[in-house]
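Asks: mind looking at a prediction? Sequence and model below.
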Amino acid sequence: MLEVKPIQSKAEQEAICLRCGTPFDADLLAYAATVEDELVGVCQFTLTPDGGSLRTLATVTDRAPDFEAMFVLGRAALNFIDLCGIHATTYDAPVQDAEQERLIKAIGFSQTDGRWTVDLTHFFEHPCQHHATSAGGAQA
C-alpha cells in the first residue's frame with residue numbers, strides 16, 4: 001500500500017534525506033512516501049509570503065524510482081500548500097533528466113519564463129483535469 005505522511009521530526013527528515021541522496025534543510029516541511037512500509041521518496045517544501053515552493057522531490061537511492069508514488073508525493077505537498085491558502089507554487093529543485101521533467105509536468109507544473117510553476121486556484125476541485133496520462137504527461 002502507498003502511504004504519504006508528514007515527517008514528524010527533523011532527525012527523521014535528515015535520515016530520510018540521507019537515504020534519498022538529497023540535502024537536508026531543517027527549515028523545510030517534508031513528506032515521505034512508502035510502499036509496503038518501504039521508503040520510496042521524500043518531498044521537502046516551504047510556504048512563503050510569495051507562495052509555495054517544492055525544494056526537493058527525491059527517490060531512495062538504492063531502489064528503482066516509483067513514478068506513481070512520487071506523483072502522489074508531489075501532489076500531497078501541493079494539496080497541503082493549497083489548504084494553507086497559498087496558490088502560487090514553484091518547483092525550485094534542479095530538473096536532472098527527462099524522466100524527472102515528465103514527473104514534474106505530470107504533477108501539474110509547467111515552465112513559464114524558465115521557471116516551473118503551478119497555480120493551485122481550483123486545482124483540487126477538478127482533479128481529473130490535472131492528472132497524469134498513461135504516457136505520464138500532464139493533461140489540462
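Replies: Looks like it came in fine.
Asks: what's the burial count for the closest residue in space to residue 75 that isn't next to it in sequence?
Replies: Spatial nearest neighbour of residue 75, excluding adjacent residues (C-beta to C-beta, 6 or more residues apart in numbering): residue 107 at 6.0 Å. Just so you know, the C-beta spots here come from the backbone N, C-alpha and C atoms, and that holds for glycine as well. A total of 25 residues lie near residue 107 under the criterion other C-beta atoms under 10 Å.
Asks: read off the pLDDT value for residue 107.
Replies: If you check residue 107, the pLDDT there is 95.
Asks: how about it, phi and psi?
Replies: phi -60, psi -30 (degrees, to the nearest 10).
Asks: for stretch 72-85, list every residue counted as buried.
Replies: 72, 73, 74, 75, 76, 77, 78, 80, 81, 82 (16 or more other C-beta atoms under 10 Å).
Asks: for the chain, longest helix please?
Replies: helix 67-83 (DSSP state H).
Asks: what's it in contact with?
Replies: 2, 4, 29, 31-33, 35, 40-43, 45, 47, 52, 54, 57, 59, 89, 99, 103-104, 106-108, 118, 120, 123-124, 132, 136 (C-beta atoms under 8 Å, 6 or more residues apart in numbering).
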